[in-house]
Each structure stands twice: as C-alpha cells, then as structure tokens.
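A.B. asks: Fold the following.
(4 chains)
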2 protein chains.
Amino acid sequence: MRRNAPKSVIKRLPVYLRILDNLIRRDVEIISSRILSEETGFTAEQIRKDLAFFGAFGTRGTGYNTSYLREKLLRIIGLDKQTNLIVVGAGHLGKALTRYNITKNPYVKVVGIFDNNPNELDAEIEGVKVRVMEELPAVVKEHDVKVAMITVPADVAQAVVSTLVDNGITAILNFAPTKLKAPDNVYVHNADLTIELQSLIYYSLEEEKHNLG
Amino acid sequence: MRRNAPKSVIKRLPVYLRILDNLIRRDVEIISSRILSEETGFTAEQIRKDLAFFGAFGTRGTGYNTSYLREKLLRIIGLDKQTNLIVVGAGHLGKALTRYNITKNPYVKVVGIFDNNPNELDAEIEGVKVRVMEELPAVVKEHDVKVAMITVPADVAQAVVSTLVDNGITAILNFAPTKLKAPDNVYVHNADLTIELQSLIYYSLEEEKHNLG
DNA sequence: CATTGTGAACGGATTCACAGCC
DNA sequence: GGCTGTGAATCCGTTCACAATG
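C.D. replies: Purely as a prediction, here's the structure:
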C-alpha cells in the first residue's frame, strides 16, 4: 500500500467524481486537467498531482478518459460497492440528511435511523423506520455498518459515540456541536454547522469592510 | 487593519467561543491554553497563536479571563451584534437548518425563507413564513441581510447566487452540490454534505484496512 | 514560577517548471 | 503540439523553544 493520502486530496476526489458524472451524462469522453480546473476552481497542476497520487490515469497529449477516471475514483473512494450507514438522531436535521443522501446518492444507503425520543419513533423516513437505540446493535450487525452520522444534541453525543464504537463503527460524521473523543482507529469528522455559520458571519463582515474601504 | 487572518484560524474561533460559553456557565473565570487544548484537541501553542493574532488577550503566568476573551471573540467573529440571514430553499434541509440555527444560536436570526415550489409556500418554520423568490429583495433590504444559506437543487443554485449577489449579499453558505461562481467581493463557502459523506466512506475503508493489517 | 506571546525551525501542501510521452 | 506526470521551489500553517512578564 502507498503512503497515506493527504486529507486535502481526499476532500477533492468527490468533486472530481461529480464533474465526471456530469461530463459522462453529456457524452464527453475525454477531459483535460485544464478544463477540470475551470469546473472545480482547483489549479490544473493540483488536479494532476491529486490523480497521479493514486496512479497514472491520463494519456499524455490527450487528457483523461472520463469513464475510466470515474471508475478509478469510485474504486479509490470506496463507492464501487454499496455502503450502508446509520443515522443517530431523528430530529429535523437527521431526517433531512437521511432524505438528502438517499435521494442524492445511489451508492450509499441508510439502513437505520435511531432516536430515543418517543415522538419520533415508528416514523418512516424514505422507507426507513425510526428505531430505539437498543435496536442499533442488531441493525449494525445485520447490514455490516461501518459508517454513522450523529445528529443528536451535544450533551448526549459522546454517549452515542461510545455505543457506536462498541458496535464496530469505524467512521463518524458528527453534526453535534461538540468535540468527540474516540479511539485512534475510529475516524471522526466534525460537520459543525454552527462553526460554518459563524465563520461565514466573520467573512461577511470582512467583505463589507473591504467593499467600503 | 492587520493582515488577513488564515482561514484555519477563523474556523477555530467558534470552537473557542463555545467552550468559553460552557466554562462561563460553570463559573470558571480563568482558563489556560493547556486546558483549552484538552477541551478542543488543538495544541496549546496553536491556541495561543490564534488568539495572539488578534491581540494579547491573556495574562502571563495566569491564563485568559473567560468573560473577557469571550467578549473579544464575539467582537472578532462579528457576533456582538445581531446578524440577519436568509435561507433559499425550503426543502427538508433548508427547514432543518432554519430550525437548527434559530434554536441553537441567539446571535443569529433567520428573517426569511424562500422557495418557488408552491407546496412549500406559506408554511411557517419557527415563525418565519416561506415566501416566493420575488419577495427576496424586499426582505433583504428591510433587514439589511448580508448572509444567505442556499439549500436548493444544484441546477438552480447558480441562478440563486446571481439573485443574491444582485441584492447585496456578501457571504453565502452553499449546501447545493455544485461549484458556484460569484464575484470576488462575495464570500462563498461550500458545505457540501455529499463530499463530507464520500470522504468519510474513504476513511471508513482505510480504518478497516488498518485494523485488519 | 506558571503561563502567555513569539521568532525560528519544521513539515505538508501548492505552485512552478519542465521532462516524458502520445 | 499538447497534455500528463513529477522533482524542485515556494508558500503557509503548525510546532518548537524560549524570552517576556504578571
């Protein structure tokens, strides 16, 4: 196996994939790093370096075959086979995320939604029933789930993480506004909307200053 | 005015702010960078550098006064005065985000939600009525809105951006899975959940490999 | 003497410049 | 000739080490 891929590279791969999907839909068969650069906003060199990190996928003088590159990227990201995931927290955000990724992503399937609030129980979201936390281990086992999204309140998020880790989850997308502790062999990514929004406010004021000055 | 703050620093400020809020709630008056480091997972040096970028807020030998530092951070981020924002796209995600930030964030207020889907119109989310796009300019003007969140489908997102820019919006949080073009004096931040989820899948497989090997 | 604030060293990611190849 | 692939140079953020100071 090669050395670990930089995080920055991994975050760009899904962008390439999406653009390739669009290109293929429009029957474009070959694409250059320069055009990809225009579509993504990343530099052409950066795109070539990103792709070259995983292998030589292009043809010098010509460009990249869109279908071939797409296959490679699907493989690299792990989207060449079905990924099952669970959502913990069936509030508004949890429901929206469930609908979002079921409808937008053919490679990824939500196989369980969990919440201990009795108001949410037995609701069905896109055909997936909301279950109590006690049923989590069985669902995770049955569908060999490794990936979870957390949309519970901050004060219970850490307890949820422990449960997830105990049940063999290896990657967690955390929407709860709190720092989570997890073992080294579990990858936690924070997608904290409060932080995004507050940074945005900072930049809105920067722009305003700049536009005035 | 000082040089531009690195993006990485700006993304950490809201984290500090949240922890300070917690500390103040627990009547903690002084905090060291070492303790902040434990709470955030960032290194103590990094925290000191981040804060020092904006000024000398601490006391050598003692630490940082929590209330004082909180005030400073609120000021720096721009949360010392009310920020009004609008949400474009009243689908599940748009509604969830509206509820999320209204309930979680006292400094920030959603003053308008817009959608041209007649099914969504006249619905009320946390007391805010869903309006047609035609009403956007009036609402933006009335509440001096500079910040917008976009949760419309990818194929209409660029048109929405144009409308927003024309109406004086200077910062956009984009949840639509597409790259948006905007003038230099408008800050666009992509919060693309597809990308987050796909990167997560990559890491879940990395962890799995690592745990096996 | 504990802790901040900071110049210097380091490291990782991006950009440059060009060699390699169709 | 045109575009990929890549070593070298550069840039930028983090870490280190320590001087400054209440």
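A.B. asks: any idea which helix or strand of chain A has the worst average confidence?
C.D. replies: helix A:92-104 (a mean of 87; mean pLDDT, DSSP states H and E).
A.B. asks: Other residues contacting the next helix-or-strand element following that one?
C.D. replies: Next in sequence after helix A:92-104, counting helices and strands by DSSP states H and E, comes strand A:108-114. Under the contact criterion CB atoms under 8 Å, 6 or more residues apart in numbering or on different chains, strand A:108-114 has outside partners A:79, A:82-90, A:94-95, A:98, A:101-102, A:125-126, A:128-133, A:135-136, A:139-140, A:142-143, A:145, B:197, B:201. C-beta: built from backbone N, CA, C; applies to glycine.
A.B. asks: So for strand A:108-114, what gets flagged as buried?
C.D. replies: Across strand A:108-114, burial judged by 16 or more other CB atoms under 10 Å in any protein chain shown covers A:108, A:109, A:110, A:111, A:112, A:113, A:114.
A.B. asks: the inter-axis angle of that strand versus helix A:92-104?
C.D. replies: Put simply, strand A:108-114 runs at 150 degrees to helix A:92-104, going by axes from the mean of the first three to the mean of the last three CA atoms, to 10 degrees.
A.B. asks: roughly how far out does strand A:108-114 sit from the chain middle?
C.D. replies: Computed by CA atoms, centre = their mean, to the nearest Å, the chain-centroid distance of strand A:108-114 equals 14 Å.
A.B. asks: Relative to that strand, what are the paired strands and their orientations?
C.D. replies: Neighbouring strands of strand A:108-114 in its sheet, by DSSP bridges, are strand A:83-88 (parallel), strand A:128-131 (parallel).
A.B. asks: Pull out the buried positions in the shortest one.
C.D. replies: In this case it means strand A:128-131. A:128, A:130, A:131.
A.B. asks: which residues does the first one bridge with?
C.D. replies: Residue A:128 has these beta-bridge partners by DSSP bridges: residue A:125.
A.B. asks: what about the spatially most central residue of chain A, distance to residue B:24?
C.D. replies: With distances taken as CA atoms, centre = their mean, residue A:173 lies nearest the centre of chain A, 7.6 Å away. Distance, residue A:173 to residue B:24, by CB to CB, to the nearest Å: 29 Å.
A.B. asks: do the same with residue A:99
C.D. replies: Counting by CB to CB, the gap from residue A:99 to residue B:24 is 37 Å.
A.B. asks: quick one, which of the two is more surrounded?
C.D. replies: Neighbours were counted for residue A:99 and for residue B:24 using other CB atoms under 10 Å in any protein chain shown; residue A:99 has more, 18 against 15.
A.B. asks: just checking, the more buried one touches residue A:127?
C.D. replies: No. Residue A:99 is not in contact with residue A:127 according to CB atoms under 8 Å; the separation is 10.7 Å.
A.B. asks: Tell me if I'm right that residue A:28 and residue A:66 touch.
C.D. replies: Yes. Assessed by CB under 8 Å, residue A:28 is found in contact with residue A:66 at 5.8 Å.
A.B. asks: the more surrounded of these two?
C.D. replies: Neighbours per residue (other CB under 10 Å) separate residue A:28 from residue A:66, with residue A:66 holding more: 21 against 14.
A.B. asks: The more buried one contacts residue A:20, correct?
C.D. replies: Yes. Between residue A:66 and residue A:20 there is a contact under CB under 8 Å: 5.3 Å.
A.B. asks: In contact with residue A:136, which residues are there?
C.D. replies: Contact partners of residue A:136, counting by CB under 8 Å, 6+ apart, are A:86, A:88, A:112, A:114, A:163, A:167.
A.B. asks: possible to save those residues as TSV with distance to residue A:155 and pLDDT?
C.D. replies: Formatted as TSV, those follow (distance: CB to CB, whole Å; pLDDT from 0 to 100):
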residue	distance to residue A:155	pLDDT
A:86	20	98
A:88	14	98
A:112	22	96
A:114	17	97
A:163	15	98
A:167	21	98
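A.B. asks: so which of those comes closest to residue A:153?
C.D. replies: residue A:88 (11.2 Å; CB to CB).
A.B. asks: which of the contacts of residue A:136 sit farthest apart?
C.D. replies: Greatest spatial distance among the contacts of residue A:136 (CB to CB): A:112 and A:163, at 12.7 Å.
A.B. asks: Contact residues of chain A facing DNA strand D?
C.D. replies: Residues of chain A that fall close to DNA strand D, judged by CB under 7 Å from any atom of the strand: A:31-34, A:44-45, A:48-49, A:51-52, A:56-64.
A.B. asks: if we can go back for a sec, beta partners of the residue nearest to the centre of chain A?
C.D. replies: residue A:149, residue A:189.
A.B. asks: was I right about it contacting residue B:200?
C.D. replies: Yes. Counting by CB under 8 Å, residue A:173 does reach residue B:200; the two are 5.1 Å apart.
A.B. asks: Name the residues contacting each of those two.
C.D. replies: Shared contacts of residue A:173 and residue B:200 (CB under 8 Å, 6+ apart): A:147, A:189.
A.B. asks: which residues of chain A fall in strands?
C.D. replies: In chain A, the strands defined using DSSP state E lie at A:30-31, A:58-59, A:63-65, A:83-88, A:108-114, A:124-125, A:128-131, A:147-150, A:171-174, A:187-190.
A.B. asks: Least confident of those strands, on average?
C.D. replies: For the strands of chain A, mean pLDDT drops lowest on strand A:124-125, to a mean of 90.
A.B. asks: what's next to that strand, contact-wise?
C.D. replies: A:90, A:95, A:98, A:99, A:110, A:113, A:130.
A.B. asks: same thing but at 7 Å, please
C.D. replies: A:95, A:98, A:99, A:113 (CB atoms under 7 Å, 6 or more residues apart in numbering or on different chains).
A.B. asks: Is it possible to get TSV of the residues you listed that adds distance to residue B:150?
C.D. replies: What follows is the contacts of strand A:124-125, written out as TSV (distance: CB to CB, whole Å):
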residue	distance to residue B:150
A:95	20
A:98	20
A:99	17
A:113	26
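A.B. asks: got the residues you listed as CSV, with distance to DNA strand C columns?
C.D. replies: Formatted as CSV, the contacts of strand A:124-125 follow (distance: CB to the nearest atom of the strand, whole Å):
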residue, distance to DNA strand C
A:95, 34
A:98, 31
A:99, 32
A:113, 34
